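# I'd like to go over a predicted model; first the sequence, then the structure.
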Amino acid sequence: MKSHCGCTKSTKVKAAVCLLLVYLVIHIYDARLNSNIASREIQTESINDLEVFQDSHSPFTVVGNVTSKVNGVRRQSTCDYQLKPNDNSLRISSVSWADIEEANIVVSSGGKYSPTDCVAAYKIAIIIPLRDREDQLKTLLSHMHPVWQRQMLDYQVYVISQAGTGLFNRAKLLNIGVSEASKDAPYDCYVFHDVDLILEDEDCLYTCELNNPRHISHHIDLFSYKPISYYAPCNPSLESATVFSLIFPKLYGDEETQGFGGVSMMTGEQFASVNGFSNLYWGWGGEDDDMYHRIRKQAYSVVNPYGTKCSFRMIRHQHETGNAKNPTRFSLLRHAKARMRKEGFNSLRYRTLSKEFKSLYTNITVDIGQPSPTMMNFLTQRFLPVGIFACHAKMPWQAKKGR
């Protein structure tokens with residue numbers, strides 16, 4: 001008997017059986033592949049094996065244990081910040097360094113400020129990763145220094161400037177910021193701040209939360225103030241990445257990836273718990289997603305207690321050639337949780353070139369090297385489509401020993 005489409009019932013049954021067999025074969029293949037990858041990670045992800053990820057310069061020193069370096073002592077706050085009327089009329093204008101310094105005479109050398117009539121709950125290091133973009137830095141500090149003062153923060157601003165013209169590495173600069181700031185004082189709250197984001201409502205407080213990391217730049221004018229979350233290809237929250245899980249992420253229990261870039265805060269304890277940021281994301285993208293999954297791995301939540309009060313304006317700028325999109329970011333993200341104990345703050349290497357205590361900030365210029373030849377070869381790969389091929393790409397530490 002034929003159906004209305006001209007196919008016999010037996011043909012339909014055969015087609016259904018074929019589809020089922022293909023589905024089972026793909027699942028078996030993916031399960032074996034993911035199992036093999038996981039076992040290789042467990043066996044080979046030592047610090048020595050991960051040397052392939054490090055820069056191509058050898059004299060750098062390894063920072064080492066994170067816990068003893070970043071934990072300050074939280075104090076009992078006596079500051080009582082009162083919400084102030086806010087007209088939400090952010091005005092961005094070009095100003096000179098001299099004008100900004102004159103308007104912030106209470107800021108000490110190195111960009112340091114603490115309230116004189118009360119004790120703040122946290123001692124805060126505000127870390128800004130940078131290369132060039134001085135005009136944006138002027139705009140940010142011109143607007144934010146008075147805000148931070150009115151919020152009665154005990155803080156110091158650290159600008160971590162990457163030397164050279166090679167690939168930019170935002171996350172590595174943030175790790176360096178924590179490393180360098182912790183040499184100056186026992187900070188117990190670290191604010192990671194992109195230079196192009198300006199707070200619109202100062203009732204969004206720049207403080208840490210004891211129980212969970214904070215991410216306050218969910219609402220940005222460039223994205224119509226809508227929070228961004230997505231199902232990332234190669235999401236490490238999945239036990240296996242398959243064609244079907246990429247098409248139907250919710251069905252396979254995938255967790256939406258929320259951003260942790262822009263402006264975020266962590267206590268020293270939280271930062272130590274996740275071993276800081278990954279150093280592997282050269283170029284644009286992926287490092288904030290990697291940190292999000294490190295945070296979730298440690299059973300933290302990412303919180304924003306102020307909701308839409310934490311809104312930001314993005315200063316427009318041209319995308320730098322040295323910060324091009326990293327085409328392998330999703331491949332690296334697939335292994336974020338598996339390697340977090342071996343790679344991060346405890347494997348950080350860099351060279352400090354200079355440290356300048358300027359009127360409004362401490363500028364630390366660093367040489368972070370460039371990806372090793374093996375890593376550079378990996379970074380030049382292209383996966384079209386991204387999907388399953390990127391998720392199952394062989395990592396450089398696997399290729400190193402022919403696995």
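Perfect, thanks for sending it.
# SS state for Ser331?
Ser331 falls in the helix class when you classify it by DSSP: H, G, I helix; E, B strand; the rest coil.
# report pLDDT for it.
Looking at Ser331, its pLDDT stands at 81.
# again, but for Cys391
For Cys391, pLDDT reads 71.
# burial of it, as a residue count?
By the criterion of other C-beta atoms under 10 Å, Cys391 has 28 neighbours. For the C-beta atoms, the positions are set from N, CA and C on the backbone; glycine is no exception.
# ok, Asn275 next?
Asn275 has 22 neighbours, counted by other C-beta under 10 Å.
# what's the answer for Asn377, then?
12.
# what sits against it?
Pro396 (C-beta atoms under 8 Å, 6 or more residues apart in numbering).
# and His193, by the same measure?
Ile126, Ile127, Ile128, Leu140, Val263.
# for the second one, what are phi and psi?
It refers to Ile127. Ile127 has phi and psi values of phi -110, psi 120 when expressed as degrees, to the nearest 10.
# once you drop chain neighbours, what's closest to it?
Closest residue to Ile127 apart from its sequence neighbours, by C-beta to C-beta, 6 or more residues apart in numbering: Gly177 at 3.3 Å.
# pLDDT score assigned to Gln54?
With respect to pLDDT, Gln54 scores 51.
# next one: Lys358
97.
# thought Ser359 was touching Ser109, still the case?
Yes - counting by C-beta atoms under 8 Å, Ser109 does reach Ser359; the two are 6.5 Å apart.
# for the two, indicate the residue with more neighbours.
Taking neighbours as other C-beta under 10 Å, Ser109 and Ser359 compare with Ser359 leading, 17 against 12.
# show me what contacts that one?
By C-beta under 8 Å, 6+ apart, Ser359 lies in contact with Trp97, Glu101, Val107, Ser109, Gly111.
# then the second one would be within a helix, right?
Yes - secondary structure assignment (three-state DSSP) places Glu101 inside a helix.
# tally of neighbours for it?
Neighbours of Glu101 under the rule other C-beta under 10 Å: 16.
# tell me which element the closest residue to it other than its chain neighbours is part of?
Once flanking residues are discounted, Glu101 sits nearest to Ser359: 4.8 Å by C-beta to C-beta, 6+ apart. Of the helices and strands defined by DSSP states H and E, none includes Ser359.
# how near is Ser359 to Lys112?
10 Å (C-beta to C-beta, to the nearest Å).
# Gln162 now?
23 Å.
# who's more crowded, the two?
Neighbours around Gln162 and Lys112, counted as other C-beta under 10 Å, are more numerous at Gln162. The numbers are 24 against 17.
# run through the bridge partners of that one.
With DSSP bridges as the criterion, Gln162 is bridged to Val366.
# before we move on, what about Arg214?
Beta bridges link Arg214 to Met265, Val303, judged by DSSP bridges.
# can you pull the pLDDT of it?
pLDDT for Arg214: 96.
# just give me the neighbour total for the closest residue in space to Lys325 that isn't next to it in sequence.
Nearest residue to Lys325, sequence neighbours excluded (C-beta to C-beta, 6+ apart): Trp284, at 4.9 Å. Number of residues near Trp284 (other C-beta under 10 Å) recorded here: 17.
# any idea how far Glu202 is from Trp284?
From Trp284 to Glu202 the distance is 29 Å (C-beta to C-beta).
# kindly report the same for His143.
10 Å.
# my guess is Met376 contacts Gln370, does it?
Yes - if you go by C-beta under 8 Å, Met376 and Gln370 touch, sitting 7.5 Å apart.
# hmm, which helix or strand of this structure has the shakiest average pLDDT?
helix 243-247 (a mean of 48; mean pLDDT, DSSP states H and E).
# and the furthest pair within the contacts of Ser359?
Trp97 and Ser109 (13.9 Å; C-beta to C-beta).
# where along the stretch 151-300 of the chain do the strands fall?
Counting by DSSP state E, counting those that start in this stretch, one finds strands in the stretch 151-300 of the chain at the ranges 154-162, 189-193, 197-199, 214-215, 219-220, 229-230, 257-258, 263-267.
# which two of the contacts of His193 have the greatest separation?
Longest distance between any two of the contacts of His193 is 12.6 Å, between Ile127 and Leu140; criterion C-beta to C-beta.
# about what we covered before: identify, from the contacts of His193, the entry nearest to Phe271.
When those are compared against Phe271 (criterion: C-beta to C-beta), the nearest one is Ile127, at 10.9 Å.
# beta partners for the closest one?
The partner residues for Ile127, given DSSP bridges, come to Tyr158, Phe192.
# and for it, the neighbour number?
24.
# distance of it relative to Gln156?
10 Å.
# now do the shared contacts for the two.
With C-beta under 8 Å, 6+ apart, Ile127 and Gln156 have common neighbours Ala181.
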